[in-house]
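Peer 1: Next input, structure requested:
(chains A and B)
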Amino acid sequence: MTVRVRFAPSPTGQVHIGNIRAAIFNWLYARHVGGQFLLRIEDTDLVRSTKEAIDTLLEVMDWLGLNFDENPPLYQTSQLPKHLAAAEQLLAQGDAYKDNKGGQGEAVLFRIPWETARVPGVTEVGPAEIALHPDTPLTISNRGVDFAILAGKGKAGPGGASLAGFHNLKAFDVQGTLLFDLDAHLNEVRGGQDFTVPGATRITFTRRTISYDDIVKGRMTKPLDSIKDVVIVRHDGSPVFHLANVVDDITQGVTHIIRGDDHVENTFKHIMLFACLGQTPPQYGHLPMIVNAQGKPYSKRDGDAFVGDFRTKGFLPEALFNYLSFLGWAPGDGREKMTREELVEAFTLERCQRGSAQMDMTKFINLNGLYMAEIPETEFRERARKWVAENYDWGRELDEALFTEVCLLMHSRAKTFGDLAQWKHFFVALPDYDEKVCAKQFKAPATDALKALPERLQNLPEWNAASIEAALLDVSAAYGVASGKLNQPARAAVTGTGIGAGIFETMQLLGRERCVQRLQEAAKRFPA
RNA sequence: GUUGCCAUCGUCUAGAGGCCUAGGACACCGGGUUUUCAUCCCGGCAACAUGAGUUCGAAUCUCAUUGGCAAUGCCA
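Peer 2: Next up is the predicted model:
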């Protein structure tokens, strides 16, 4: 059977790296096994879903090269009739019921099945017992068992779950007297009669669990007495995520569901939904969350981790793709910088991490720098040219020959295209002087040497890096500045900063006139 | 509260009982590449959450504790 996986975002804002990482892993898995990668837009939240969000999502996926099969994607809103039909089917089968649970009107609830022969992975584990808080009466009905548990320090805690969780339920009071025996009233309860049992302090029942094998986390188990019936259609008639999600996965023939850790609890309900709809549940794999510097999973409110932001900051899509692939996964052979093809080749869900991973911007910037360095010179120049034209005032029109030279000189120093903002001084009359750097550099005896430099430069017979260096050395000697110690002051005066390419080459590129002009300007602005 | 999941250097990770006095990468510190920055090279710092057990032997297995996260919605 062909593997079919999907990425199912809800277009209610920007996509953050947690979401897109799930998309990347799905994509990688599909491409690795030669399966299909599907896109489904879960736009059922009509209030918050926007066209813009869908557009940015598509744009970001395209930018990252996350091509999906079966275009156009499936829009969840288009599936409404199928969702409702599924709810009808469940209702007709007795697997769902209507109830005015929240007092807002009648909703449809999926009933955790009492008979579980249809559901894979359900096993009886044996007798269980729960201590109850006596202030809240125990209620038993076809909609579930409800009670307050006796928590630490005699406090009451919320308890209860679906009726299916409590086979052979018996309730006792503090003396041990049997107050209620579900087996004796089973038909009445399942027929719709409610029972209230005040004064119960202890219940016993046969515990059953549902388990499945998670591709990344291993065998997962949850007791049925911790699962409540779930609303699948709201009082206003709109289907809820659980229903829509499962029905769409059936429609799209999804075989493997790879998603974030936060969905593990839902999985048990979804498996039962699949089973009650007559389908074999797909395979599940739950990815660890990506957390921020505070250790919290990224949310739409984090602002900083939107995928689109990395693009506008000048990061390379292949670097982001590579970096995100390594959050929660590693090939195990020490490789870290891998091409998309290598990643597809090496990727397996079995090697996914189980614990959450924190994004480290520094490491990402470093990796991006590696990718930047590797761009061939001509291509780099074209991309850089485009970048400055689109992002900076000074970049729209500039000396093209000079730009080519600057690229050659500065390429290795650019970790992201965003770093190109520092190239500004090459293309404008005066640099933006960094006050702190200048204050540090402009001190005697360097200042005097600096003042003498313009004249010296004017008279240089040749203008090249070697002659400039000689001139600096000369002036240094004349004013008692140690050899080489004039370089940084000169850099500050000419470029405004303390960092950059070799100062002689930089000055050569800038040209004699501008160097002289800037040296004089610096002397004026920062009289020592 | 309850249930579930997770736990190796600051961060991402390697590690599936002896190959581990725990390896790599980023960051950091020091040095070198004709004294900035970047690149490159060399060196250094730095971790198995804690406690019991199983075993001849445990980062690896078991249990407990602690901590983190998640779920517990008519959000998705």
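Peer 1: Can you get me a residue count around the residue in the stretch 251-400 of chain A that RNA strand B sits nearest to?
Peer 2: Nearest residue of the stretch 251-400 of chain A to RNA strand B: residue A:355, at 2.8 Å (Cβ to the nearest atom of the strand). Backbone N, C-alpha and C define where each C-beta goes, glycine included. Residue A:355 has 9 neighbouring residues, counting by other Cβ atoms under 10 Å.
Peer 1: Would you mind giving me the confidence score for it?
Peer 2: Residue A:355 is assigned 90 on the pLDDT scale.
Peer 1: Now whichever residue of the stretch 401-528 of chain A sits closest to RNA strand B: which helix or strand?
Peer 2: Nearest residue of the stretch 401-528 of chain A to RNA strand B (Cβ to the nearest atom of the strand) works out as residue A:484 at 2.5 Å. Take DSSP states H and E as the rule and residue A:484 turns out to sit in neither a helix nor a strand.
Peer 1: still on that earlier bit, OK, contacts around the residue of the stretch 251-400 of chain A closest to RNA strand B?
Peer 2: residue A:288 (Cβ atoms under 8 Å, 6 or more residues apart in numbering).
Peer 1: quick one on the thing from earlier: grab the nearest non-local neighbour of the residue of the stretch 401-528 of chain A closest to RNA strand B.
Peer 2: Leaving out its chain neighbours, the residue that sits closest to residue A:484 by Cβ to Cβ, 6 or more residues apart in numbering is residue A:476, at 7.7 Å.
Peer 1: what about the one you found, how many neighbours?
Peer 2: 22.
Peer 1: Residue A:526 too?
Peer 2: For residue A:526, the neighbour count with other Cβ under 10 Å is 18.
Peer 1: buried stuff in stretch A:31-46?
Peer 2: Using 16 or more other Cβ atoms under 10 Å as the test for burial, stretch A:31-46 gives A:31-33, A:35-44.
Peer 1: Likewise for stretch A:484-503?
Peer 2: The neighbour-count check on stretch A:484-503 (16+ other Cβ under 10 Å) flags A:486-497, A:500-501, A:503 as buried.
Peer 1: among those, which are in reach of RNA strand B?
Peer 2: Residues of those in contact with RNA strand B (Cβ under 7 Å from any atom of the strand): A:487, A:488, A:491, A:500, A:501, A:503.
Peer 1: Restricted to helices, list those.
Peer 2: A:487, A:488, A:491, A:503 (DSSP state H).
Peer 1: For these, give me a markdown table that also has pLDDT and distance to residue A:264.
Peer 2: Listed next are those as a markdown table, based on pLDDT from 0 to 100; distance: Cβ to Cβ, whole Å:
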| residue | pLDDT | distance to residue A:264 |
| --- | --- | --- |
| A:487 | 91 | 59 |
| A:488 | 91 | 57 |
| A:491 | 93 | 56 |
| A:503 | 93 | 58 |
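Peer 1: can you name the two of the residues you listed that are farthest apart?
Peer 2: A:488 and A:503 (8.0 Å; Cβ to Cβ).
Peer 1: for the longest strand along chain A, packing partners?
Peer 2: Across chain A, the strand with the greatest residue count (assigned by DSSP state E) is strand A:202-214. With contacts defined as 3 or more Cβ pairs under 8 Å, 6 or more residues apart in numbering; DSSP states H and E, the packing partners of strand A:202-214 are strand A:122-131, strand A:167-172, strand A:218-223, helix A:264-276, strand A:283-287.
Peer 1: okay, the ones you listed in JSON lines with mean neighbour count next?
Peer 2: What follows is those, written out as JSON lines (neighbours: other Cβ atoms under 10 Å):
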{"stretch": "strand A:122-131", "mean neighbour count": "13"}
{"stretch": "strand A:167-172", "mean neighbour count": "20"}
{"stretch": "strand A:218-223", "mean neighbour count": "13"}
{"stretch": "helix A:264-276", "mean neighbour count": "21"}
{"stretch": "strand A:283-287", "mean neighbour count": "22"}
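Peer 1: among the ones you listed, which is nearest residue A:139?
Peer 2: Residue A:139 lies closest to strand A:167-172 among those, at 10.5 Å (Cβ to Cβ).
Peer 1: So what angle separates the directions of that closest one and strand A:202-214?
Peer 2: If you take axes from the mean of the first three to the mean of the last three Cα atoms, to 10 degrees, strand A:167-172 sits at 150 degrees to strand A:202-214.
Peer 1: Now the helix or strand just after strand A:167-172: buried residues?
Peer 2: Once the chain leaves strand A:167-172, the next helix or strand it forms, by DSSP H and E, is strand A:178-181. Neighbour counts over strand A:178-181 (16+ other Cβ under 10 Å) mark A:179, A:180 as buried.
Peer 1: who does strand A:178-181 pair up with?
Peer 2: Each strand paired with strand A:178-181, and its direction, by DSSP bridges: strand A:167-172 (antiparallel).
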